[in-house]
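Asker: Have a look; sequence and predicted model below, questions after that.
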Amino acid sequence: MALSSNTKSVSAKRPNFARNGQTQLEARFAKSQDKLNPSRRKLLRMILENPEDTYFLSSRELAKRYEVDAATIVRTIQVLGYQKFANFLSDLRAHFVTRITPYAVLKAASKEKRTLDDRIRHSLDLDMRNLQALHSRIDPEQIRRFSKRVKSARRILIIGIDLAAALSGYLAYGLMTLGFAAEAPVGSTGNVQRRVRTLTRKDLLIAISFGPCLRDTVEAAQRAKKQGVPTFAITDSETTPLARVCDEFCIASTASSSFGGSYVAPIALLGAILVACAQTQTARSLQLLRRSEEEDRMDHRWFEAAFDRKETWNSE
């Protein structure tokens, strides 16, 4: 995970994204046209056009896929300026993210030679890898600064549609529990856009979407930004439309062999944000949570098992 913004103090570089809208890999390919012979241009073009088939392959597997030797692969990516295959693979994955669809994910996974048991374990392995990446790259100071922005916002509108609605609902519920005026609208495009129109510079819009990103989510962020509303994205790459549109963005990988993607890292990221929001106003958080606990107890919100189970069973 990385938190970035347009300010120099956070990050002025986006290593997987070129300024002209191309991915870094596309930009390198375009710049190196004169240095590539026809066969290597064709090879790279096929890789770029089918990233779902290649982003997970080793150099040897990639060579086998396109019926060339591994040395050809290495020499070709060196022409693009990559000293290590791992760096090329990182940019290829970022390029893939801009094209990812449920079909593309399942298609790529189906081409891997695995048993069903192996596929299940592999899915969990990817979840753990995403979580480990988040843990190793997270910057607590940047999360803390974002929590202060949340605290200063008059209203917080969280946009997450389709599967991402689970994430937006979770974050909104957590923020409301801590006393913030947060909302995660559901329903039609019109319902979302009408709420965005009511936002001002004193508010905050948080947009959540991954891969190519849903149009309604991106357009909500675009409208909010035009109105001068601070915008923050939770996405899975520096190259996604949301990362390009919003003032700041946080990255949590959703890489998965499942067509639905993996939300393990994003949900962990939201948990970290909620921890920061609670701890930056500890006294208020404790007061609100204590009140909530008392109300839950009085309303008998939680299930209470009978002490005498034998008596309960006999009464049925």
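Answerer: Received the coordinates, thanks.

Asker: And Leu44, how close does it get to Thr54?
Answerer: 11 Å (C-beta to C-beta, to the nearest Å). All C-beta atoms are positioned from the backbone trio N, CA, C, and that covers glycine.

Asker: Please apply the same query to Phe88.
Answerer: For Phe88, the distance to Thr54 (C-beta to C-beta) stands at 11 Å.

Asker: Could you list the low-pLDDT ranges of the stretch 151-300 of the chain?
Answerer: Along the stretch 151-300 of the chain, segments meeting pLDDT under 70 span 257-260.

Asker: hey, where'd the strands end up in it?
Answerer: 156-160, 182-183, 204-208, 231-235, 248-251 (DSSP state E, counting those that start in this stretch).

Asker: how about a markdown table for those, with distance to Ala63 added?
Answerer: Formatted as a markdown table, the strands of the stretch 151-300 of the chain follow (distance: least, C-beta to C-beta, whole Å):
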| stretch | distance to Ala63 |
| --- | --- |
| strand 156-160 | 40 |
| strand 182-183 | 50 |
| strand 204-208 | 38 |
| strand 231-235 | 32 |
| strand 248-251 | 30 |
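
Asker: Adding mean neighbour count and distance to Lys31, write the ones you listed out as TSV.
Answerer: Below are the strands of the stretch 151-300 of the chain laid out as TSV (neighbours: other C-beta atoms under 10 Å; distance: least, C-beta to C-beta, whole Å):
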stretch	mean neighbour count	distance to Lys31
strand 156-160	26	36
strand 182-183	20	44
strand 204-208	28	32
strand 231-235	26	26
strand 248-251	24	25
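
Asker: For Arg144, find the nearest of the ones you listed.
Answerer: strand 248-251 (12.8 Å; C-beta to C-beta).

Asker: helices and strands around the closest one, which ones?
Answerer: Secondary-structure packing of strand 248-251 (3 or more C-beta pairs under 8 Å, 6 or more residues apart in numbering; DSSP states H and E): strand 3-5, strand 231-235, helix 241-245.

Asker: how far away is the closest residue to Thr189 other than its chain neighbours from Ile161?
Answerer: Ranked by C-beta to C-beta, 6 or more residues apart in numbering and with sequence neighbours excluded, the top spatial neighbour of Thr189 is Asp216, at 5.1 Å. Applying C-beta to C-beta, the value for Asp216 to Ile161 is 6 Å.

Asker: now swap in Glu293 and tell me
Answerer: Taken as C-beta to C-beta, the span from Glu293 to Ile161 is 33 Å.
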